[in-house]
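Student: this one's structure only:
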């Protein structure tokens, strides 16, 4: 089965410091990986995706992610954290489940707290 | 603001009530999804519609009944729910003509409380 894992329930970082939220994947074939952010009482917002090509993917709000095939990782990064980045972050993998049908399977989520 | 609109934002219902959740998108997406999310947990897939046909039902109890009247609308009909069904219900859509690379776009959800 295709899956992603987020090893950290919570990450705390000081404002202005770089942040990393970790994700590892277990996928047969080429992985299609995504990062989403969820603010309180809101839906999920798409940040970025990896399909193929450059291992460093740039996304919304200054976030980027590094795809590492040898370590089966897809860590989310930002050079300088903002208090407003505090939210719940989900890594996800998209898989085909039938002809023309796909589903997105999420990791358990990582709560990011940026401390002023 | 999200391009996927869900109504109502909040819903409180008794276990004998019948209610419906609504979802609308005008991005021309041909795949639409219902997810259920409990507090501090990841969303769990319930149903997938592809080209207005139900393509995935993740063994969801029959008290949840999805409906896709047209390519822009997705409903979730609720009947005889249990308190443990209380959760955030998220609708999403994607341009799955793009295949595995198309991201899902989520609405802000309906917060359902079953009393």
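Tutor: Thanks, I have the structure now. Keep in mind it's a predicted model, so treat the numbers as computed, not measured.

Student: every contact and neighbour count from this point should use C-alpha atoms.
Tutor: Will do.

Student: contact partners for residue 76?
Tutor: As the question left the chain open, I've gone with chain A. A:20-23, A:35, A:63-66 (C-alpha atoms under 8 Å, 6 or more residues apart in numbering or on different chains).

Student: nope, chain B
Tutor: Going by C-alpha under 8 Å, 6+ apart, residue B:76 touches B:20-22, B:64-67.

Student: now name the helix or strand holding the closest residue to it other than its chain neighbours.
Tutor: Of all residues not flanking residue B:76 in the chain, residue B:66 sits nearest, at 4.4 Å (C-alpha to C-alpha, 6 or more residues apart in numbering or on different chains). If you go by DSSP states H and E, residue B:66 is part of strand B:64-70.

Student: list the buried residues in the next helix or strand after that strand.
Tutor: Sequence order places strand B:73-79 as the next helix or strand after strand B:64-70, per DSSP H and E. Neighbour-count burial for strand B:73-79 flags B:73-76, B:78-79 (criterion: 16 or more other C-alpha atoms under 10 Å in any protein chain shown).

Student: and if you look at stretch B:61-71?
Tutor: Applying 16+ other C-alpha under 10 Å to stretch B:61-71 flags B:64, B:66-68, B:71 as buried.

Student: give me the contact list for it.
Tutor: By C-alpha under 8 Å, 6+ apart, the surrounding residues in contact with stretch B:61-71 are B:28-30, B:47, B:49, B:51-53, B:74-81.

Student: how does it look with 7 Å?
Tutor: Here stretch B:61-71 makes contact (C-alpha atoms under 7 Å, 6 or more residues apart in numbering or on different chains) with B:30, B:51-52, B:74-81.

Student: does chain B have contacts with the longest strand seen in chain A?
Tutor: If you go by DSSP state E, chain A has its longest strand at strand A:87-98. Yes: against chain B, strand A:87-98 shows contacts by C-alpha under 7 Å from any C-alpha of the partner chain at A:94-95.

Student: low-confidence ranges in chain B?
Tutor: Flagging of chain B using pLDDT under 70 yields the residue ranges B:1-2, B:96-98.
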